[in-house]
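Visitor: Below is the sequence, then the predicted model.
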Amino acid sequence: MGKIAFVFSGQGDQYPGMGKDIKEKYTVAAEIYNMCDRLRPGTSDMCFNGTEEELKETKNTQPCLFATELAAASVLKEKGIVPSAAAGFSLGEVAAATFVGIFDNETGFSLVCKRGELMQREAEKFDTSMAAIVKLTSEKVEEICGKYQNIYPVNFNCPGQITVSGLSSEMPAFASEVKAAGGRAIPLKVKGAFHSPFMKEASEAFEKEIEKAEKENKIKNGNITLYSNMTATPYGSDVKTLLSKQICSPVRWEKIIRNMISDGIDTFIEIGPGKTLTNMTKKIDNEVKAFTTAEYLAEVEQCQTY
């Protein structure tokens with residue numbers, strides 16, 4: 001029998017109405033949303049009734065996705081589904097760190113709110129954007145990026161898909177070169193050049209926020225193995241460095257999934273409102289099982305009915 005991993009999604013999977021169904025159906029999910037509303041009034045209303053444009057604002061996206069992810073993970077945990085490992089894509093790493101017990105729920109949510117604010121502040125300093133590059137190797141994407149002063153390969157998602165960040169003014173020429181090489185550049189629903197040097201000041205400021213939590217003894221040893229975006233390996237005691245530096249460093253997602261598989265994980269449950277990580281996992285290794293939260297929850301409830 002293999003092992004289960006929870007993988008928490010990042011920005012881009014948000015949509016108006018996300019999480020409303022689980023809040024209405026499960027008390028444990030409602031408790032998470034209520035906690036978030038106490039600390040940041042209007043969070044659940046933004047999830048359920050916000051516009052697509054409002055949810056694209058990083059200061060809104062991050063707390064709203066965190067709330068939805070932690071609520072979903074809490075429902076699965078209540079159903080008896082406890083993973084052997086966890087990882088989170090970008091902001092999802094904060095939700096994952098909270099779920100595994102490194103932060104309590106309130107501390108994790110407060111940190112992700114601050115993270116969203118800091119990253120939005122940096123994003124507003126520059127006209128930057130992100131795009132997913134498909135149908136090219138990572139080496140080819142890195143080669144093309146090297147021709148541009150302000151475009152960086154930042155998310156190594158799965159075979160044939162890498163995300164880049166950079167100045168919007170350089171993106172059209174970059175996209176044309178990607179097309180000429182046989183690839184395609186797909187603009188993402190985010191505002192900012194995340195996981196690139198454009199986020200250096202946000203990274204430094206977030207490190208100070210984690211330091212405050214550390215001084216208040218609000219960082220614990222997790223009770224589930226958590227894999228780092230930066231190293232693609234399990235966390236040690238360097239929570240502050242790994243969580244702050246990942247804001248301006250590439251996300252090595254494909255390597256995380258491959259390392260998890262090598263460590264015995266054969267079932268991946270995407271924690272969040274979408275299916276981006278589920279699709280990536282299947283492209284990385286089509287022999288493992290990959291489910292969205294909704295898919296796995298439906299299976300669990302069907303089994304528990306009998």
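Guide: In hand now; what should we look at?
Visitor: can you list the residues that contact the lowest-mean-pLDDT helix or strand in the chain?
Guide: Least confident helix or strand of the chain, by mean pLDDT, DSSP states H and E, is helix 293-305 with a mean of 82. Residues outside helix 293-305 that contact it (CB atoms under 8 Å, 6 or more residues apart in numbering): Ala72, Val75, Leu76, Lys79, Gly80, Ile81, Ile269, Glu270, Ile271, Gly272, Pro273, Phe291. In this view, the C-beta of every residue, glycine as well, is placed from N, C-alpha and C.
Visitor: hang on, the fifth one is in a helix, isn't it?
Guide: Same thing as Gly80. No - secondary structure of Gly80 (DSSP: H, G, I helix; E, B strand; the rest coil): coil, not part of a helix.
Visitor: And for it, nearest residue in space, chain neighbours not counted?
Guide: Leaving aside its chain neighbours, Gly80 sits nearest to Val300 (8.0 Å; criterion: CB to CB, 6 or more residues apart in numbering).
Visitor: same thing with the fourth one?
Guide: Distances taken as CB to CB, 6+ apart place Val300 nearest to Lys79, at 5.1 Å, with adjacent residues excluded.
Visitor: Just the pLDDT for Ala132.
Guide: pLDDT recorded at Ala132 is 94.
Visitor: Low-confidence stretches in the stretch 201-306 of the chain?
Guide: The model of the stretch 201-306 of the chain has pLDDT under 70 over residues 304-306.
Visitor: redo that, cut-off 80
Guide: 301-306 (pLDDT under 80).
Visitor: Show me the strands in this protein, by range?
Guide: With DSSP state E as the criterion, the chain has strands at 3-8, 85-88, 128-134, 151-158, 161-167, 184-187, 225-226, 265-271, 289-292.
Visitor: Contacts only, for Thr51.
Guide: Thr51 neighbours (CB under 8 Å, 6+ apart): Pro16.
Visitor: Distance check, it against Leu297.
Guide: Distance, Thr51 to Leu297, using CB to CB, to the nearest Å: 27 Å.
Visitor: Same question for Val134.
Guide: Val134 is 30 Å from Leu297, by CB to CB.
Visitor: if you count what's nearby, which of those two comes out ahead?
Guide: Leu297 (20 against 16; other CB atoms under 10 Å).
Visitor: ok, the more buried one to Glu270 distance?
Guide: For Leu297, the distance to Glu270 equals 11 Å [CB to CB].
Visitor: before we move on, what about Pro172?
Guide: From Pro172 across to Glu270, the span is 32 Å (CB to CB).
Visitor: ok, the two, which is more surrounded?
Guide: Glu270 (30 against 10).
Visitor: Just list the residues touching the more buried one, thanks.
Guide: Contacts for Glu270 (CB under 8 Å, 6+ apart) come out as Val7, Ser9, Thr276, Leu277, Thr278, Thr281, Ala290, Phe291, Thr292, Thr293.
Visitor: can we see that at 10 Å?
Guide: 5-9, 13, 69, 72, 89, 92, 276-281, 290-296 (CB atoms under 10 Å, 6 or more residues apart in numbering).
Visitor: Quick one: buried ones out of these?
Guide: Neighbour-count burial (16 or more other CB atoms under 10 Å) applied to those gives 5-9, 13, 69, 72, 89, 92, 276-281, 290-293, 296.
Visitor: Please identify the deepest-packed of the strands of the chain.
Guide: Comparing these by mean neighbour count (mean count of other CB atoms under 10 Å), strand 85-88 ranks first with a mean of 27.
Visitor: Might you report the residue contacts of Met130?
Guide: Going by CB under 10 Å, 6+ apart, Met130 touches 11-12, 152, 154-155, 163-166, 168, 171, 186-196.
Visitor: Try it again at 8 Å.
Guide: Going by CB under 8 Å, 6+ apart, Met130 touches Val154, Thr163, Val164, Ser165, Pro187, Leu188, Val190, Gly192, Ala193, Phe194.
Visitor: Now it. Nearest residue, chain neighbours left out?
Guide: Spatial nearest neighbour of Met130, chain neighbours left out: Leu188 (4.5 Å); criterion: CB to CB, 6+ apart.
Visitor: on that earlier part again, for Thr98, state which of the contacts of Met130 is nearest.
Guide: Checking those against Thr98 with CB to CB, the nearest one is Phe194 at 19.8 Å.
Visitor: can I assume Pro63 is in contact with Thr43?
Guide: Yes - the criterion here is CB atoms under 8 Å, and Pro63 meets it with Thr43 at 5.5 Å.
Visitor: joint contacts of these two?
Guide: The overlap between the contact sets of Pro63 and Thr43 (CB under 8 Å, 6+ apart) consists of Cys36.
Visitor: what's the domain layout of this structure?
Guide: Under the assignment automatic domain parsing, the domains of the chain span 3-124+196-305, 128-187.
Visitor: Quick one: neighbours of Arg115, just the number.
Guide: Using other CB under 10 Å, the number of residues around Arg115 comes to 27.
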